[in-house]
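> Build me a model from this:
(one chain, ligands or ions: 1)
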Amino acid sequence: MSTRVLLGVVLAVYTVGWAHAQASDKIRVIEILADKDSRYKIAGEKTPEISVKAGERVLLRITARKAKSHNRDGFIHGFSLLRAKDRTKVPDWDLLLKPGTQEFAMTAPQEPGDYVVVCTVICSEDHEGMFMRFVVEP
Ligand SMILES: [Cu+2]
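Here you go, the predicted model:
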């Protein structure tokens, strides 16, 4: 293979890789830890908080670590979104977590405002403290 052909191949592979990276950039990935101490955590944030645009598509990559207990189906934490003002559930945002890392492709609520993420599995005696602020911006 000549150097020129080889360069062409390298360039083609590079270009395809770049195009792929551009395409996947369109969906924002939000990494969350649902930890064994019954707390949500986001790397680099002292108080974890998620902020999205109304209707934005996001990929939640959630790693769950088992706390003291789990529910009958083996889920170790939950991840449910409620509207802050009346604590009503947001449709489709009612996730259950297994041990390990899992991904969920989600669409943010259309209504801007304050929301709260709550754990729906009684994961330990500290389960009530497992929540996180979630803001939808216009
Ligand atoms: Cu929990």
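> where does this protein come near the ion, residue by residue?
Residues of the chain lying close to the ion (Cβ under 5 Å from the ion) are 38, 77, 119, 123, 130. Yep, even glycine has a C-beta here, placed from its N, CA and C like the rest.
> Where does the closest residue to the fourth one other than its chain neighbours sit: helix, strand or coil?
If you skip the residues right next to it in sequence, Cys123 has Ala67 as its closest partner in space, 4.1 Å away by Cβ to Cβ, 6 or more residues apart in numbering. For Ala67, the secondary structure call by DSSP: H, G, I helix; E, B strand; the rest coil comes out as coil.
> thought Ala67 was touching Phe75?
No - here Ala67 lies out of contact with Phe75, judged by Cβ atoms under 8 Å, at a distance of 11.7 Å.
> who's more crowded, those two?
Ala67 (23 against 17; other Cβ atoms under 10 Å).
> Starting from Leu81, give me the distance back to the nearest residue to Arg28 once chain neighbours are set aside.
Among residues not flanking Arg28 along the chain, Val58 sits closest, at 5.1 Å (Cβ to Cβ, 6+ apart). Per Cβ to Cβ, to the nearest Å, Val58 is found 12 Å from Leu81.
> More neighbours: which of the two?
Leu81 (23 against 17).
> Bridged to the more buried one, which residues?
When bridges are called by DSSP bridges, Leu81 pairs up with Val117.
> Show me where this protein dips below the pLDDT cut-off.
Applying pLDDT under 70 to the chain flags residues 1-25.
> In it, mark out all the helices, start to finish.
Ranges of helices within the chain are 3-24, based on DSSP state H.
> Centre-most residue in it?
Residue closest to the average C-alpha location in the chain (Cα atoms, centre = their mean): Leu60, at 2.2 Å.
> In this model Phe79 seems to touch that one, though I could be wrong.
Yes - judged on Cβ under 8 Å, Leu60 makes contact with Phe79 at a distance of 7.5 Å.
> what's the overlap in contacts for the two?
Common contact partners of Leu60 and Phe79 (Cβ atoms under 8 Å, 6 or more residues apart in numbering): 32, 95.
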